[in-house]
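1. Need coordinates for the below:
(one chain, ligands or ions: 2)
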Amino acid sequence: MAQNNATKAAGDVDAIRRGFLGGTVLAAMGTIIGSVMPLSRDGAGSAYAQGAAPAAPPAPAAPKGPQHLKFPGKNEGLVVLGDRPLVAETPESLLDDETTPTEKFYIRNNGQIPEETKEPEKWKITIDGEVNNKLELTLGELKSKYKAVTRRMVLECGGNGRSAFSPPARGNQWTNGGAGCAEWTGVPLADVLKTAGLKPGAKYTAHYSSDLHLSGDPAKPPLSRGVRIEKAMDPNTLIVWAMNGEPLPNIHGGPVRLVVPGWPGSASQKWLTRIWVRDKEHDGPGMTEFSYRVAIKPMVPGDKGDPANFRILESMPVRSIITNPANGAKIPAGTKELKLRGAAWAGDLTVKQVDLSTNAGASWQKAELGKPKNKYDWQRWTATVKLPSDGYYEIWVRATDSKGAMQPHQAAFWNPQGYGGNAMHRIAVLVG
Ligand SMILES: Nc1nc2c(c(=O)[nH]1)N[C@H]1C(S)=C(S)[C@@H](COP(=O)(O)O)O[C@H]1N2
Ligand SMILES: [Mo]
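-> Ligands and ions are numbered 1, 2, ... in the order given. Predicted coordinates for the structure are as follows:
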């Protein structure tokens, strides 16, 4: 294992050094400073690899740069990971706000994006199955009959961090940007389920929505996941109609969605139309085989895998990011101390500690760690690191959760669809 880490780390450093040559040219042309350079699969140093010297011979197959999102109301710094269905992530440096502005919040769709409803207050959701009273509630009724709460909570895609897996796992190649932390307003799902009255057999929820499968077949939901009834009854699991104080935008599931914090984002159904309470584990699209599941017995990376050896991924693993400076930042010559900022979160748990290293993990120092505003909020951190001289540095961050689990150097416990990858985040900076 130690051997593996060392080999992988050495490979990254090579990539960074190669990239660094291109980076000095870019820096000389003044294009690196202040620009947002999302990571590619190569790791931190790729930020320096974006441009080649003008005089250099043209590369035969220049790698395609990141494709930036063009979508109404969205920040163009978001990086498109797929356009059918539309998936876009937020580079770590765009997650520098305490509360992620809606324009910077990542987008993940499995099917077609539905047309925006003209009558949001009349939007209807049905609660049925293992309940004493089947409910049909409009958004208007939801707002008038229940007590609304607002909480700042992380929403994170189950595949966040996937790009660090080796060999590559199937699916969108998220770096760390399949996450954001917004203020969500709505009502606890538990309050609605209590009105419906759970039958003793109620075990699991099944979530349905109005978006169409990519094929256009209305009989095929693009995604239908659910959670154990205990999670559905957690007061932090919300039916939400507002994001950051504004009506929930269509692209984020407006007029009504679920927010199931701490668990894979796929449980947080957008365009919510129905919650079916079931007497057994739900088996809709996204629940079975390798979807949102991790291996019970660790498997050989790259193997096919046996579905019988898989369990549903529930709480997301601990993760930390450096949000300032950006990867690829050029720091003025003579800088001896560098201020850093970032965020950390840990699924259902809290973050106990965040550490930083400027020497590839040879030594670590503790960051100043803030408190969450409420449960499931992320924790912002700050630190000042010493840089003994001008030159090239990699800065690594790692977080430890409240149960003592720490982020590994590389994505561990490979699985075919790449869940649970929470390798440390690293950035490269050039001083002088
Ligand atoms: N109806 C519906 N809900 C959905 C999805 C979807 O494709 N359809 N994608 C899920 C996934 S995988 C994630 S990570 C989150 C993303 O929410 P966002 O696009 O608002 O960031 O929505 C979830 N809810
Ligand atoms: Mo997701």
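
2. Who are the contact partners of the residue of the chain at minimum distance from ligand 1?
-> The chain approaches ligand 1 most closely through residue 265 (2.6 Å), counting by Cβ to the nearest ligand atom. All C-beta atoms are positioned from the backbone trio N, CA, C, and that covers glycine. Listed by Cβ atoms under 8 Å, 6 or more residues apart in numbering, the contact set of residue 265 reads 108, 155, 156, 157, 158, 178.

3. now, which of the residues you listed lie within strands?
-> Mapping these onto strands (DSSP state E) picks out 108, 155, 156.

4. Going along the chain, name the helices of the stretch 201-350 of the chain.
-> 229-232 (DSSP state H, counting those that start in this stretch).

5. Up against ligand 2, what does it have?
-> Contact residues, the stretch 201-350 of the chain versus ligand 2 (Cβ under 5 Å from the ion): 265, 266.

6. With adjacent residues omitted, what lies nearest to the residue of the stretch 201-350 of the chain found nearest ligand 2?
-> In the stretch 201-350 of the chain, the residue that lies nearest ligand 2 is residue 265 (4.1 Å; Cβ to the ion). Leaving aside its sequence neighbours, residue 265 sits nearest to residue 157 (Cβ to Cβ, 6 or more residues apart in numbering; 4.5 Å).

7. Which ones, among the contacts of residue 265, also lie beside ligand 1?
-> When the contacts of residue 265 are checked against ligand 1 using Cβ under 6 Å from any ligand atom, the ones in range are 108, 155, 157.

8. between these, which has the most around it?
-> residue 155 (28 neighbours; other Cβ atoms under 10 Å).

9. For that one, which non-adjacent residue is spatially closest?
-> Closest to residue 155 by Cβ to Cβ, 6+ apart is residue 265, at 5.3 Å.

10. Give me the pLDDT value at that neighbour.
-> In this prediction, residue 265 carries a pLDDT score of 98.

11. do you know how far it is from residue 382?
-> 27 Å (Cβ to Cβ, to the nearest Å).

12. do the same with residue 370
-> In terms of Cβ to Cβ, residue 370 sits 8 Å off from residue 382.

13. Comparing those two, which residue is more hemmed in?
-> Higher neighbour count among residue 370 and residue 382: residue 370, with 17 against 14, using other Cβ under 10 Å.

14. Isn't the more buried one up against residue 379?
-> Yes - the pair residue 370 / residue 379 is scored as a contact, 5.3 Å apart, by Cβ atoms under 8 Å.

15. List the residues that contact the residue in the chain that ligand 2 sits nearest to.
-> Ranked by Cβ to the ion, the top residue of the chain for proximity to ligand 2 is residue 157, at 3.3 Å. Applying Cβ under 8 Å, 6+ apart to residue 157 gives the contacts 106, 108, 172, 174, 178, 179, 264, 265, 266.

16. how deep is the residue nearest to the last one when sequence neighbours are not counted tucked in, by neighbour count?
-> Excluding the flanking residues, the one nearest residue 266 by Cβ to Cβ, 6+ apart is residue 225, at 5.1 Å. Residues lying near residue 225 (other Cβ under 10 Å) number 26.

17. and residue 193, that one's in a strand?
-> No - Residue 193: not assigned to a strand; according to DSSP: H, G, I helix; E, B strand; the rest coil it is helix.

18. which residues touch it?
-> Contacts of residue 193 by Cβ under 8 Å, 6+ apart are 127, 131, 232, 233, 277.

19. Roughly how far does it sit from residue 239?
-> Per Cβ to Cβ, residue 193 is found 10 Å from residue 239.

20. Ligand 1 contacts on this structure?
-> Residues of the chain lying near ligand 1 by Cβ under 6 Å from any ligand atom: 105-111, 155, 157, 209, 211, 222-223, 252-253, 265-266, 268-271.

21. Can I have the buried ones of those as a ChimeraX selection?
-> This is how ChimeraX selects the buried members of the residues of the chain next to ligand 1, with burial counted by 16 or more other Cβ atoms under 10 Å:
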select :105,106,107,108,109,110,111,155,157,209,211,222,223,252,253,265,266,268,269,270,271
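
22. Point out where the protein drops to low pLDDT.
-> Low-confidence segments of the chain (pLDDT under 70): 1-63.

23. For the closest residue to residue 337 other than its chain neighbours, grab the count of nearby residues.
-> With Cβ to Cβ, 6+ apart as the criterion, residue 337 has its nearest non-adjacent residue at 5.3 Å, and that residue is residue 384. Residues near residue 384, counting by other Cβ under 10 Å, number 12.

24. Please apply the same query to residue 124.
-> 14.

25. Next up, the contacts around it.
-> For residue 124, the contact set (Cβ under 8 Å, 6+ apart) comprises 136, 137, 138, 139, 273.

26. out of those residues, who has the most neighbours?
-> In terms of neighbours by other Cβ under 10 Å, the contacts of residue 124 top out with residue 139 at 23 neighbours.

27. Wait, it touches residue 145, no?
-> No - in this structure, residue 139 is not within contact of residue 145 by Cβ under 8 Å, at 11.0 Å.

28. Spell out which residues are contacts of both of the two.
-> What both residue 139 and residue 145 touch, as defined by Cβ under 8 Å, 6+ apart, is an empty set.

29. In JSON lines, list the contacts of residue 193 along with neighbour count.
-> Below are the contacts of residue 193 laid out as JSON lines (neighbours: other Cβ atoms under 10 Å):
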{"residue": "127", "neighbour count": "22"}
{"residue": "131", "neighbour count": "20"}
{"residue": "232", "neighbour count": "25"}
{"residue": "233", "neighbour count": "18"}
{"residue": "277", "neighbour count": "24"}
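
30. Mind checking which of those residues land in strands?
-> 127, 277.

31. okay if I get the contacts of residue 193 as a markdown table plus distance to residue 82?
-> As requested, those are exported to a markdown table (distance: Cβ to Cβ, whole Å):
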| residue | distance to residue 82 |
| --- | --- |
| 127 | 32 |
| 131 | 37 |
| 232 | 29 |
| 233 | 34 |
| 277 | 32 |
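
32. ok, so of the contacts of residue 193, who is nearest residue 149?
-> residue 233 (14.9 Å; Cβ to Cβ).
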